[in-house]
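Colleague: Predicted model, plus sequence, below.
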Amino acid sequence: MNIVGLLFAMLAVVGWSTYPTLVSKFGGKPVQGIFGATWGTLIVAIVLALINHYELLTGSNFWLAFFSGAAWAFGNVLTIVAFGMKDADGNALGSAKAMPISTAFQITSNVVWGVVMLGNWGSTRSKVIGFAAVIIILIGAYLTTYQEKKTAGNRELLIKAVGVLLIAQIGYSLYGIFPQYTHNTDGLHMFLPQAIGMATFGLLLGIYEVIKNHNNIFVQPITYKQIFSGFFFAMAALGYLVSAQPAMLGLATGFVLSQVSIVGATVSGIIVMKTHKTGKEWLVISIGLVAIVAAAAVTAFI
């Protein structure tokens, strides 16, 4: 077990537990959420690089990290769109429902890539235990979306959201995969070029919003409030980037552990957004969250 890797994975848990709830709470358009998150991350990355005197990566290492960040930004803007999708009665999907679905997709793709392409969980025993844990996590994620009274509008909204989140998964997958192919560097040095890629995408998206919709997000206070949420994403991005490195926990284990954040994201999303839950709904959701934590903990010992 790599203790340093575990500590960085826990950093990702704290950051990703808080980030989606803050994005939903601050509100605004998806483009404002993505701009705030990416530029908040860039600010943190610059400060970290200056304090530690990190030199900027060059060549393929820089571009792999850069496009990793841009890919994340692409996936995240679609996820924020899913947060705000509404049913016929005007009820928004919210982060509490969208994040478990997104997490399920991300865990599946990253674990499969890590095991098949990168050789994580090398022994047959490790693979059996690891994939069993992933199945339990997926079941747990499904349970967190439980709703006692379902309507046609709820089902229709979930189907639409799944479609959007599947497309978002392309970006999230590349976000995790690109850094695995860098050479002679580590997650701490990759963080700044990755943040530059994120911020570049966020800026271009903001400019597009101004030109296309005549909506100048750069003069709106909500845009800069979202930078605060970006600080928490930066914490998560750094923790995950380091923990998922081959010398730490590897992509499969690092990603699975980081997704324990679904617990904090689900609970805080329900509480902060004041989403009403019945006693039965809380019970089923709690069972799902416990299953996620227990199964993810098992992967730390593989």
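Modeller: Perfect, thanks for sending it. Please read these numbers as outputs of a predicted model, since none were measured by experiment.
Colleague: Touching, Leu48 and Phe191? I think so.
Modeller: Yes: Leu48 sits in contact with Phe191 when judged by CB atoms under 8 Å, with a separation of 6.6 Å. Heads up, the C-betas are built off the backbone N, CA and C, glycines and all.
Colleague: which neighbours do these two share?
Modeller: Common contact partners of Leu48 and Phe191 (CB atoms under 8 Å, 6 or more residues apart in numbering): Leu238.
Colleague: Which positions in the helix or strand containing Val31 come out as buried?
Modeller: For Val31, the element it lies in under DSSP states H and E is helix 30-52. Neighbour counts over helix 30-52 (16 or more other CB atoms under 10 Å) mark 30-45, 48-49 as buried.
Colleague: Likewise for stretch 76-91?
Modeller: Asn76, Val77, Leu78, Thr79, Ile80, Val81, Ala82, Phe83, Gly84, Met85, Asp87.
Colleague: From those residues, which land in helices?
Modeller: Asn76, Val77, Leu78, Thr79, Ile80, Val81, Ala82, Phe83, Gly84 (DSSP state H).
Colleague: Looking at these, which is nearest His183?
Modeller: Nearest to His183 among these is Asn76, at 27.0 Å by CB to CB.
Colleague: just to revisit the earlier point, I'd like to know which elements the helix holding Val31 is packed against.
Modeller: helix 3-26, helix 59-84, helix 187-213, helix 221-243 (3 or more CB pairs under 8 Å, 6 or more residues apart in numbering; DSSP states H and E).
Colleague: quick revisit: in the buried residues of stretch 76-91, find the pair that's most separated.
Modeller: For the buried residues of stretch 76-91, and using CB to CB, no pair is farther apart than Asn76 and Asp87, which are 22.7 Å apart.
Colleague: what bits of the stretch 1-150 of the chain have low per-residue confidence?
Modeller: Within the stretch 1-150 of the chain, the ranges that satisfy pLDDT under 70 run 1, 91-92, 94-97, 99, 118, 150.
Colleague: who's sitting farthest from the centroid in this protein?
Modeller: When each C-alpha in the chain is compared with the mean C-alpha position (CA atoms, centre = their mean), His214 comes out farthest, at 29.7 Å.
Colleague: Just the mean pLDDT for the host helix or strand of Glu156, thanks.
Modeller: Counting by DSSP H and E, the element that carries Glu156 is helix 152-177. Here helix 152-177 scores 81 as its mean pLDDT.
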